[in-house]
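[1] Sequence first, then the predicted structure, then my questions.
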Amino acid sequence: MSHEIDINKESEIQAAKDMKKRDGETNMAVGIFLFVLGIPVLIGTMWAMDKPKAALINAVCGIVLLALGAGITAYGWRGFRKATRP
């Protein structure tokens, strides 16, 4: 009976690690997507230079997308590394 409880507990721990690993991979994918999405927004700022208000808004949005993407990617990487450690 005790052996059966230990097996169940170990399988629950492994399942939790697998979920954290998947969450980390998902966060990295979303973060990379946002980061890459911020690049064309910043590039698009060049075409809005004749309208200073539009250029400022584009620049701020691009920087926010880059920052969010980098942050979410780092958070996902940290979670992934934590879940794959022995």
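    Received, thanks. Bear in mind that the values here come from a model prediction, so they are computed numbers and not experimental data.

[2] so what does the host helix or strand of P40 touch, helix or strand wise?
    Per DSSP states H and E, P40 falls inside helix 2-44. Secondary-structure packing of helix 2-44 (3 or more CB pairs under 8 Å, 6 or more residues apart in numbering; DSSP states H and E): helix 52-84. Quick note: C-beta positions are derived from backbone N, CA and C, even for glycine.

[3] For the helix it packs on, the averaged confidence score.
    Per-region confidence: helix 52-84 scores 95 on mean pLDDT.

[4] roughly how far out does that helix sit from the chain middle?
    Relative to the centre of its chain, helix 52-84 is centred 8 Å away, using CA atoms, centre = their mean, to the nearest Å.

[5] ok, so what distance separates N27 from K51?
    Taking CB to CB, to the nearest Å as the measure, N27 and K51 are separated by 35 Å.

[6] Between those two, which has more neighbouring residues?
    Taking other CB atoms under 10 Å, N27 and K51 do not tie; N27 has more neighbours (20 against 11).

[7] what's the spacing between the more buried one and I13?
    Using CB to CB, N27 is found at 21 Å from I13.

[8] tell me the contacts of A48?
    Counting by CB atoms under 8 Å, 6 or more residues apart in numbering, A48 touches 54-55, 58.

[9] Please consider this matter closed, and thank you.
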